[in-house]
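Student: how would this look folded up:
(2 chains)
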Amino acid sequence: MKKKIIAALLCTAMTIGLAACGQGEKDSGSSSASSKDEPVHIKVALFSDGADMTESQKKVFDEFTKENPNIIPEFQYITSDSYGSNWNGYLMKIQTMIASGNAPDICALGLEGVAFMAMNDLGLPMNDYLEAHPEETEAIHMDAIADELKDIFVVDGNTYGVPYEANSVVVHIRKDIFEEANIPLPDADWTWDDFKDICEQLKNSGVDAFPFGVPTNFFCLQGLLYSENGAPLNDDWSEAAINSPQCNKVFQFLQDSIWKYGYAPQPSDTITDTELIVQGKTAMGFWGRWVSDDYNASDLDDKIFVQTMPKGEGGHNTCAGSCGFVVLNSTKHPEEAMKVALWTAGQTYSEVFMKTGSLPANPTWGEDICATDGIIDNYECMYDVYNKNEWRRSQDPPEYADLANIYSKYMDIIYANQKPVSEALDEAADEINKCFENSTYRDTDEEKAVIDSLFKN
Amino acid sequence: MNKKTKSKRHRVFRENVTAYLFLSPTLIFYTVFTGIPLLMTIFILSFSDFSLLKPIEFIGLTNFRQLFDDPDFRTVMLNTLKFVLIIAPVHIIGGLTLAIAVNSIKSRFFQGVYRILFYFPLVVTTSAIVIVWGYLYDYEFGVFNWLCGALGMNRINWLGDSKWSLLAIAIFSAWKFIGNAFLYYFIGLQNIPDVYMEAAKVDGATKWQSLIKIQIPMLTPTIFFVVVTTLINCFQMFDETYFLTKGGPGVSSQTVAMHIYRKGFQEYHFGYASTLGLILFVIVLIITIFMFKYQNRWVTYDTE
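Tutor: Numbers count the residues shown, from 1 in each chain, chains lettered A, B, ... in the order given. Here you go, the predicted model:
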């Protein structure tokens, strides 16, 4: 009997011990420095698509600690396969980390999450730090970054980050397919009529590829809407505008391209729109530079040409936006965290992490990086978007997570031809307006003023 | 109280303590990861506004009122019901048919082969195998549509058309999970003592009569278990729709469980997601209670 009780007690002790181990690990891994002489560990959360970045991490880590021996950045890669927008799943995990008391010190944040972060009081303003350290802003050539891209990170007069990447949506074209079809590459002044002509030519050329893949990412789709002078929301982001005639025109073209003209396949979860162009199943698509990671992994050297968005009612306007590192409110080392956050907008970080992938926000070295990779031809047009001011930011109020799911739902319905475009867009508009009505971010005048203060162009 | 009774009571007490100590690891895990979250969902979160970052705010019945405002609630409830009506009979009856068929095979070797064949899909991770099924179902580049074309039939938009997506998911689900029901039935059939079947044979009963009069009645406890667990699993269906169609097109194949996930983990409305969870819990609970209440009308536990 005694043996039985001892065994049972041991069993219980092991269970409690296991649980205690988890806690202990958390404590030992915390970023708090035990003394002034010891280096400070700064946890850096990064969005990852699952690619192995161990080498890049080591490289950038070595470079940073060489310059700042007392600060050790520790990278935490957070993957996301979220349905509405990839940033949803990423931010969800950051929120869980914050709620569990295991928050990173700084985290990469796309423009989609800026309003959400600021209105939930998650971020720490950097204004004072930037003013106190002009040498650091000079070192990263902050002046060379387009003002509007920086303004995306300013909420209610507070600066929450400095952009290190800025993607503009352009048309990606498979040069080899165009060559096979004997179709010349389009000029920068092409129009949507030219685009449709090219689609028709490609379709009739006998090449074994669809002319283009419809955008499945709403950030990219907004590029098409902006070029036709449409937008999902009105100018002050208080009401839906997705059922406007301009938006109807774009969505109708996309639906017809799948079901009437045969220009594009219906999107599926099995083969993504990026995989379609990589596998040569489509000749064109709409993305920023971030897909160059996929091109690189598939050895698509010198097969991709990019061109600005075809001209529509809204000119060559496209969707663009920036991504930057935000210092979280919960950090125990705000000074060191801000130093790391600012450093990421500099040359070394861009050269290591953006060799392929997103477009560096700072053209000072960004153009050289793009020229060196040699994967995308005519990459200059991605910067021209900013130089010629032919862009609008994606419209991301703090309710962006709800909106992302609404957009995804109705894009899916329209692409699957389950409803007429106008009916689907009217329903989408109703849901968006209902979402704003029920929103907890618009209850007071102060909250509305914060939303008003968000950068909109 | 005499000494003997006292000693007996003491022994029983010590045995109980030992039993609970052995059970304690499971009890602790169950309490922490199931019991407390369940009680919190029912009594706190369902009546609150909660988004991880803000303190829990009590909002009364607002979440329940929101059910009527939610444009997708009715659709996801109907979808779940449709899945239950399509998938549960396939698993319950299909699994039983397969088990009876395999049980009637004389060769032990082939019985083993079929057991592996039917159970194998269950061992494979859904997220991994769904990639293969996605390629089978793909409208433009899929194997099934290639076959349809080769046979001169029109292509079917398996996953991209709401008319077909439920059926496509049901076919996948049947392939993936029928092995579970099959195995329970098969083990149940194997446990029926040979003496009954031999006696029936001596009495001149046909195979059909033996099946209807002996095997199935003796299998009713297993059937009851399979029916209850299958219904619960069908109401909680998530993997198949999430991985195959992401609930689409639109929300046409979205289930309640997926809707809970979307509201909670994508839109950060944990309070509302808890209310949805509570509704699902109540539905499953009512059905389970109903089934337990009326099981004595058809389930035979007395095999002597």
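
Student: show me where pLDDT drops low in chain A?
Tutor: Scanning chain A with the threshold set as pLDDT under 70 gives A:1-37, A:49-56, A:80-86, A:88.

Student: where do the helices of the stretch 51-200 of chain A begin and end?
Tutor: According to DSSP state H, counting those that start in this stretch, the stretch 51-200 of chain A carries its helices in the segments A:54-67, A:86-99, A:114-119, A:127-132, A:134-139, A:147-151, A:175-180, A:192-204.

Student: mind checking those helices for the one nearest to chain B?
Tutor: Chain B lies closest to helix A:86-99 among the helices of the stretch 51-200 of chain A, at 4.7 Å (Cβ to the nearest Cβ). Any C-beta I mention is one placed from the backbone N, CA and C, and that applies to glycine too.

Student: could the C-alpha coordinates of that closest one be exported in CSV?
Tutor: Output in CSV follows, covering the C-alpha atoms of helix A:86-99 (Å, rounded to 0.1, in the frame of the first residue of the first chain):
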residue,chain,number,x,y,z
ASN,A,86,-1.6,37.2,-43.2
TRP,A,87,-1.1,40.1,-40.7
ASN,A,88,-4.2,38.9,-38.8
GLY,A,89,-2.7,35.6,-37.7
TYR,A,90,0.6,37.3,-37.0
LEU,A,91,-0.9,40.0,-34.8
MET,A,92,-3.1,37.4,-33.1
LYS,A,93,0.1,35.6,-32.0
ILE,A,94,1.7,38.8,-30.8
GLN,A,95,-1.4,39.6,-28.8
THR,A,96,-1.3,36.1,-27.2
MET,A,97,2.4,36.7,-26.4
ILE,A,98,1.5,40.0,-24.7
ALA,A,99,-1.4,38.5,-22.8
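
Student: helices and strands around it, which ones?
Tutor: strand A:40-48, strand A:71-79, strand A:106-110, helix A:400-415 (3 or more Cβ pairs under 8 Å, 6 or more residues apart in numbering or on different chains; DSSP states H and E).

Student: chain B: which of those is closest?
Tutor: Chain B sits nearest to helix A:400-415 of all those, at 4.0 Å, using Cβ to the nearest Cβ.

Student: tell me what that closest one is packed against?
Tutor: With contacts taken as 3+ Cβ pairs under 8 Å, 6+ apart, helix A:400-415 sits against helix A:86-99, helix A:114-119, helix A:218-227, helix A:245-259, helix A:421-438.

Student: quick one: that helix to helix A:421-438, angle?
Tutor: 170 degrees (axes from the mean of the first three to the mean of the last three Cα atoms, to 10 degrees).

Student: dump helix A:400-415 to PDB, keeping only the CA atoms.
Tutor: Coordinates of the C-alpha atoms in helix A:400-415 are reproduced here as PDB (Å, rounded to 0.1, in the frame of the first residue of the first chain):
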ATOM      1  CA  TYR A 400      -9.100  45.800 -40.300                       C
ATOM      2  CA  ALA A 401      -9.300  42.200 -39.100                       C
ATOM      3  CA  ASP A 402     -13.100  42.200 -39.500                       C
ATOM      4  CA  LEU A 403     -12.800  43.900 -42.800                       C
ATOM      5  CA  ALA A 404     -10.200  41.500 -44.100                       C
ATOM      6  CA  ASN A 405     -12.600  38.600 -43.500                       C
ATOM      7  CA  ILE A 406     -15.500  40.500 -45.200                       C
ATOM      8  CA  TYR A 407     -13.300  41.300 -48.200                       C
ATOM      9  CA  SER A 408     -12.100  37.700 -48.400                       C
ATOM     10  CA  LYS A 409     -15.600  36.300 -48.200                       C
ATOM     11  CA  TYR A 410     -17.000  38.500 -51.000                       C
ATOM     12  CA  MET A 411     -13.900  38.100 -53.200                       C
ATOM     13  CA  ASP A 412     -14.400  34.400 -52.900                       C
ATOM     14  CA  ILE A 413     -18.200  34.700 -53.700                       C
ATOM     15  CA  ILE A 414     -17.500  36.900 -56.800                       C
ATOM     16  CA  TYR A 415     -14.600  34.800 -58.000                       C
END
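
Student: doesn't A:M354 make contact with A:N296?
Tutor: No: assessed by Cβ atoms under 8 Å, A:N296 is found out of contact with A:M354, at 11.8 Å.

Student: who has more neighbours, those two?
Tutor: Neighbour comparison, A:N296 and A:M354: the larger count goes to A:M354, with 24 against 17 (by other Cβ atoms under 10 Å in any protein chain shown).

Student: mind listing what the more buried one touches?
Tutor: A:164-165, A:360, A:366, A:369 (Cβ atoms under 8 Å, 6 or more residues apart in numbering or on different chains).

Student: coming back round to it: for B:V228, find the nearest of the helices and strands packed on helix A:400-415.
Tutor: B:V228 lies closest to helix A:86-99 among the helices and strands packed on helix A:400-415, at 33.5 Å (Cβ to Cβ).

Student: and the closest one, how far out from the chain's middle?
Tutor: 14 Å (Cα atoms, centre = their mean, to the nearest Å).

Student: which outside residues touch it?
Tutor: With Cβ under 8 Å, 6+ apart, helix A:86-99 has contacts from A:45, A:47, A:78-82, A:103-104, A:107, A:109-110, A:112-113, A:116-117, A:122, A:328, A:330, A:400-401, A:404, B:52-53, B:265-266, B:268.

Student: can you give me the buried ones in it?
Tutor: Neighbour counts over helix A:86-99 (16 or more other Cβ atoms under 10 Å in any protein chain shown) mark A:86-95, A:97-98 as buried.

Student: returning to that earlier point: highest mean neighbour count out of the helices and strands packed on helix A:400-415?
Tutor: Among the helices and strands packed on helix A:400-415, helix A:218-227 has the highest mean neighbour count (mean count of other Cβ atoms under 10 Å in any protein chain shown), at a mean of 26.

Student: what's that one packed up against?
Tutor: helix A:245-259, strand A:282-287, strand A:318-327, strand A:391-393, helix A:400-415.

Student: can you show me the CA trace of stretch A:245-253 as CSV?
Tutor: Below are the C-alpha coordinates for stretch A:245-253, written out as CSV (Å, rounded to 0.1, in the frame of the first residue of the first chain):
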residue,chain,number,x,y,z
PRO,A,245,-19.7,52.0,-59.9
GLN,A,246,-15.9,52.0,-60.1
CYS,A,247,-15.5,49.1,-57.8
ASN,A,248,-18.3,47.2,-59.6
LYS,A,249,-16.4,47.7,-62.9
VAL,A,250,-13.2,46.2,-61.5
PHE,A,251,-14.9,43.2,-59.8
GLN,A,252,-17.1,42.6,-62.9
PHE,A,253,-13.9,42.5,-65.1
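
Student: does that stretch reach chain B?
Tutor: No: Stretch A:245-253 stays clear of chain B (Cβ under 8 Å from any Cβ of the partner chain), getting no nearer than 14.0 Å.

Student: next one: that stretch to chain centre, how far?
Tutor: Centre-to-centre, stretch A:245-253 and its host chain are 24 Å apart (Cα atoms, centre = their mean).

Student: one step back: buried deepest among the helices and strands packed on helix A:86-99, which one?
Tutor: Most buried of these by mean neighbour count (mean count of other Cβ under 10 Å) is strand A:106-110; its value is a mean of 27.

Student: distance to B:F58 added to the helices and strands packed on helix A:400-415, as TSV?
Tutor: Listed next are the helices and strands packed on helix A:400-415 as TSV, based on distance: least, Cβ to Cβ, whole Å:
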stretch	distance to B:F58
helix A:86-99	19
helix A:114-119	22
helix A:218-227	35
helix A:245-259	40
helix A:421-438	17
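
Student: these: which one's closest to A:A188?
Tutor: Nearest of those to A:A188, taken as Cβ to Cβ: helix A:218-227 at 13.2 Å.

Student: strand A:282-287 and that closest one, what's the angle between them?
Tutor: Orientation of helix A:218-227 against strand A:282-287 (the same axes, to 10 degrees) gives an angle of 90 degrees.

Student: so for the residue of the stretch 151-300 of chain B found nearest chain A, what's the pLDDT?
Tutor: For the stretch 151-300 of chain B, the residue closest to chain A is B:P249, as judged by Cβ to the nearest Cβ, at 3.4 Å. Turning to B:P249, the model gives it a pLDDT of 92.
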